[in-house]
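Undergrad: Got a sequence here, can you build the structure:
(one chain, ligands or ions: 2)
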Amino acid sequence: MSNVTLRELVKVYGRQVAVKGIDLEIEAGSFVAFVGPSGCGKSTTLRMIAGLESVSHGDISIGGRRVNDVPSRDRGIAMVFQSYALYPHMTVYENMAFALKVAKASREEIDRRVRHAAEILRLTDYLDRRTTALSGGQRQRVAMGRAIIREPQVFLFDEPLSNLDAQLRSAMRVEIKRLHQRLGTTAIYVTHDQIEAMTMADKIVIMRDGLIEQAGAPLDVFERPATRFVGQFIGSPAMTILDGTIARTGDGRPGVRLAGAETVPIDADAFEPLAEGTPVSLGIRSEDIVPEGHGMPPERAHRFTAQVNLTESLGNETLIFAEFGGADLTSRMQRPRPVEEGETLTFLMNTERLHLFDAASGRSLRR
Ligand SMILES: Nc1ncnc2c1ncn2[C@@H]1O[C@H](COP(=O)(O)OP(=O)(O)OP(=O)(O)O)[C@@H](O)[C@H]1O
Ligand SMILES: [Mg+2]
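TA: Numbering: from 1, shown residues only. Ligands and ions are numbered 1, 2, ... in the order given. As a prediction, this is how the structure comes out:
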C-alpha cells in the first residue's frame, strides 16, 4: 500500500477547466471517497491518478514517487469501473488471469493468485463459467478480482456499484469494505452517492465544480460542514436551509429572523461574532426538527407551528415536509402516527444543532 499526494492538480480540456487545482494527501492504507454532483471532476481526478488522462498542471505522487510521466501500467494501481469491462468470451478464471498472462507470469503464480482472489470474493465455484452467465453482483466481483490479482499499491474505483440494484449495492458495499480491511490496500472510491461515501470511507472528499469543497472524516463532515453546499450534499434527506438575518428574539437573545418574521434563537458563542442585520443561511437537519410528542424533546428547543405540505412514510419513521418561515423544512417523525397534508403541527427545533452559513459565500460561520 502507498500514500497518494495531489498537488495543485489541474485538468484542462480545450477551453474547459474540469479540475481547477486540487491539493490532497491520501494516507497509505486509507479508504477515501470522492463525492460530488455530476460533472464536478471526480472521474477526471481519478483518471489522472490512474494515468488514463494527462495532467495539465500540478503533481501526482504515489508512494512518494512523482508519477506524472509514468505510464498507467507502471503506477502500481488497479482500477474498477462502473461498466465492468469483462471479456465476454472468456471464463471467470481467464478474465482474472488475463493481466498476469500478458505480464508473462508463470502458470503456477497465476493459478495461485487467481484462486486466492476467487476465495476472497467467493467466486471459487464460478471459475469455469463464462462471465455472460453471471449476475450483476457476480460480474462486479470478477471485476474486483481482476484488480486484486494485480496486487496493486492503490485501488481506484469509479462508481463500481451504480449498475446494481439497491439491495445488491448495499451487500457489495459491505463486501468492498471487508475487502479493504482484509487487504489494507489504499483505496480511492468515486461515487455520487453520499451514503456509499459515508458508510465506506475513512475520509470523504466533497468536490464541487472542479474544486475540493471539504475533506474530512465522514462524521466530521456531517457534523461540521464547512459550507452550505456540503451541509446540503451530505446527509439524507437534505439539510433544511432557511434564509434570514441576525437579530434579537422577543426576550433580547441573539437569533436569526427568518423571512416569515419568526426569530429562531441561536447559541451565539458557537459562531463567529455576527452584527445584527447580517444575512445568513440557517441550516438544520430533519432529525433535529421533531414534531412535539415524538421522541425526546431537545433540551434547548425552539417551538413553532408549521403547515404540512407533504409526508413520506418510511415505515419506522415519516418524513414531514412543511412550510415554515417562508421556506420548506423537513422533519422526521419517529414512531409515526398518520399525518394529513394541510395539517398544522407543532415542532421542536433543537437549537443546539443549528448550522449558520454566510448567506453570500455559503461559508460556515461556526467558530
Ligand atoms: N474527454 C473530455 N473532453 C472534454 N471534456 C471532458 C472530458 N471528460 C470530462 N469532461 C468534462 O469535465 C468535467 C468533469 O467531468 P468528470 O467526468 O470528471 O465528472 P464526474 O464528477 O465524474 O461526473 P459524473 O458524476 O457524472 O460521473 C465535465 O464538465 C465534463 O463534461
Ligand atoms: Mg464520473
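Undergrad: Please name the bridge partners of Tyr13.
TA: Taking DSSP bridges as the rule, Tyr13 bridges to Gln16.
Undergrad: Export the strand or helix carrying Val142 to CSV, keeping only CA atoms.
TA: Assigned by DSSP states H and E, Val142 belongs to helix 136-149. What follows is helix 136-149, C-alpha atoms only, in CSV (Å, rounded to 0.1, in the frame of the first residue of the first chain):
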residue,chain,number,x,y,z
GLY,A,136,-24.6,-8.3,-12.0
GLY,A,137,-23.1,-8.7,-8.5
GLN,A,138,-21.0,-11.7,-9.6
ARG,A,139,-19.7,-9.8,-12.6
GLN,A,140,-18.8,-6.9,-10.3
ARG,A,141,-16.9,-9.4,-8.1
VAL,A,142,-15.0,-10.7,-11.1
ALA,A,143,-14.0,-7.1,-12.0
MET,A,144,-12.7,-6.7,-8.5
GLY,A,145,-11.0,-10.0,-8.7
ARG,A,146,-9.1,-8.8,-11.8
ALA,A,147,-8.0,-5.8,-9.7
ILE,A,148,-6.9,-7.8,-6.7
ILE,A,149,-4.9,-10.2,-8.8
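Undergrad: Report the distance from it to the chain centre.
TA: Mean C-alpha position of helix 136-149 versus that of the full chain (Cα atoms, centre = their mean, to the nearest Å) differs by 22 Å.
Undergrad: what's the answer for stretch 338-346, then?
TA: Computed by Cα atoms, centre = their mean, the chain-centroid distance of stretch 338-346 equals 33 Å.
Undergrad: Same question for stretch 302-315.
TA: The answer for stretch 302-315 is 27 Å, by Cα atoms, centre = their mean.
Undergrad: and what of stretch 269-285?
TA: Taking the mean of its C-alpha atoms, stretch 269-285 sits 26 Å from the chain's own mean (Cα atoms, centre = their mean).
Undergrad: one step back: specify the next element, helix or strand, located C-terminal of the helix holding Val142.
TA: Using DSSP H and E, the first helix or strand after helix 136-149 is strand 154-158.
Undergrad: right, and the helix or strand after that next one?
TA: In N-to-C order, the element after strand 154-158 by DSSP H and E is helix 166-183.
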